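Pasting the sequence and the predicted coordinates here, then a few questions.
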Amino acid sequence: MFTFHHVALSVSDLERSVSFYEVFGFRQVFRWRAEDGSLTIKHLKKGEAILELFCFADAVDAGVAKRDLNADLPRIGIRHFGMQVDDLDAALQAIIQLDLNDEDTRISHGRTGIDYFFVRDPDGIFVEVVQDDRSFM
């Protein structure tokens, strides 16, 4: 009955964010802009998933929580979204080559049994890159 449709993010610079998410294979499929310029929305698609980007003219910064994963996780709400890859080491090297990593970007083994690393988009929103080889996948 239900299938996943989209995740929405508010961003400060729409084109900069579109460029970032294109690295992960998303492509722009829709654009809408308010007549008064107060809001622009773009839909980016990868497979069946849609990433909905909101860019408000009067956007408000998320504060310190977005800069530190450990400070961000306890906050109620969506914390990050994950992108799956077949080869986590190759994905990390690609991220480093594109200079999208922080100095502390490294592969870790999670409590859920998967290996992962985090990167941040241009607004500090966390994107988890995972290699999930568990048998139920």
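Thanks, I have it. Numbering: from 1, shown residues only.

Domain boundaries for the chain, per the record?
Following automatic domain parsing, one finds the domains of the chain at 1-58, 67-137.

mind putting those in JSON lines, mean pLDDT included?
Formatted as JSON lines, the domains of the chain follow (pLDDT from 0 to 100):
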{"stretch": "domain 1-58", "mean pLDDT": "92"}
{"stretch": "domain 67-137", "mean pLDDT": "86"}
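
okay if I get those as CSV plus mean neighbour count?
(Each C-beta comes from the backbone N, C-alpha and C, glycine too.) Below are the domains of the chain laid out as CSV (neighbours: other C-beta atoms under 10 Å):
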stretch, mean neighbour count
domain 1-58, 14
domain 67-137, 13
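
all helices for this protein, in order.
Secondary structure of the chain, counting by DSSP state H: helices at 14-22, 69-72, 88-97.

T40 contacts V18, doesn't it?
No - using C-beta atoms under 8 Å as the test, T40 is too far from V18 to be in contact (10.8 Å).

Can you name the residues that contact the closest residue to H43 other than its chain neighbours?
Nearest non-adjacent residue to H43, counting by C-beta to C-beta, 6 or more residues apart in numbering: F30, 3.8 Å away. Neighbour list for F30: 41-43 [criterion: C-beta atoms under 8 Å, 6 or more residues apart in numbering].

I78 too?
So I78 contacts V7 (C-beta under 8 Å, 6+ apart).

and D61, how many neighbours?
9 (other C-beta atoms under 10 Å).

So it versus T105, what's the distance?
22 Å (C-beta to C-beta, to the nearest Å).

Please apply the same query to V18.
Counting by C-beta to C-beta, the gap from V18 to T105 is 22 Å.

ranges for the strands of this structure?
In the chain, the strands defined using DSSP state E lie at 6-10, 27-33, 39-46, 49-56, 80-84, 108-109, 115-120, 126-131.
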